[in-house]
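Asks: build me a model:
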Amino acid sequence: MSDNKDYKPCTITRECIRTLADKEKGNAFRYLLKKEWKGKGRTKKDGWEKPLIIIGCNPSTANEEWSDKTMGLVENFIEKKKYSGYIMLNLYPQISSSPSKLLEQECDSRIRYLNRRVIKKAIKENNKSHILFAFGELKK
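Replies: Numbering: from 1, shown residues only. Here you go, the predicted model:
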């Protein structure tokens, strides 16, 4: 336990909806990544907003257990802006460190359908949350 008087105990809720890589095709998909801090000092009364919904192009390699560089930046941003967490969604759920390669592939209609359902549900369940569209540099 820290001696810091600003220390506030809280719980962290994590959720990840994904499919693991198909051994033949090598594709892995992440439909949702959620992390939320709840507890003392993290309430609306204390000036903290609901979780921020972020919609990106395609997912990074982060999951519910660890954050990669992209999600580390997200976590720093939400902390500064006093959001209680984030819900990361993407226009297409295929995990790729090179989004430009996704443009060369054909999108699977079943995957797009499931992705739309996950996005709609997350927005409906968090209808008072702010939404941020975040895209890096897309190269063709």
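Asks: could you list the buried residues of the lowest-mean-pLDDT helix or strand in the chain?
Replies: Lowest on mean pLDDT, DSSP states H and E among the helices and strands of the chain sits helix 99-102, with a mean of 70. Within helix 99-102, the residues scored as buried using 16 or more other Cβ atoms under 10 Å are 99, 102. To be clear about C-beta, it is placed using only N, CA and C from the backbone, and glycine gets the same treatment.
Asks: list the contacts for the residue most central in space within the chain?
Replies: When Cα atoms, centre = their mean is applied to the chain, the residue found nearest the centroid is M88 (1.9 Å). Taking Cβ atoms under 8 Å, 6 or more residues apart in numbering, we find M88 in contact with 32-34, 54, 56, 59, 62, 71, 74.
Asks: narrow the residues you listed to those in strands?
Replies: Members of those lying in strands (criterion: DSSP state E): 32-34, 54, 56.
Asks: flag the shaky bits of this protein, pLDDT-wise.
Replies: Scanning the chain with the threshold set as pLDDT under 70 gives 1-10, 21-26, 103-105, 137-140.
Asks: can you give me the helices in it?
Replies: Applying DSSP state H to the chain gives helices spanning 69-80, 99-102, 109-125.
Asks: for the second one, list the C-alpha coordinates in PDB.
Replies: What follows is helix 99-102 as a C-alpha-only set of coordinates in PDB (Å, rounded to 0.1, in the frame of the first residue of the first chain):
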ATOM      1  CA  PRO A  99      -3.700  -2.000 -41.900                       C
ATOM      2  CA  SER A 100      -2.700  -1.400 -45.500                       C
ATOM      3  CA  LYS A 101      -2.600  -5.200 -46.000                       C
ATOM      4  CA  LEU A 102      -6.200  -5.400 -44.900                       C
END
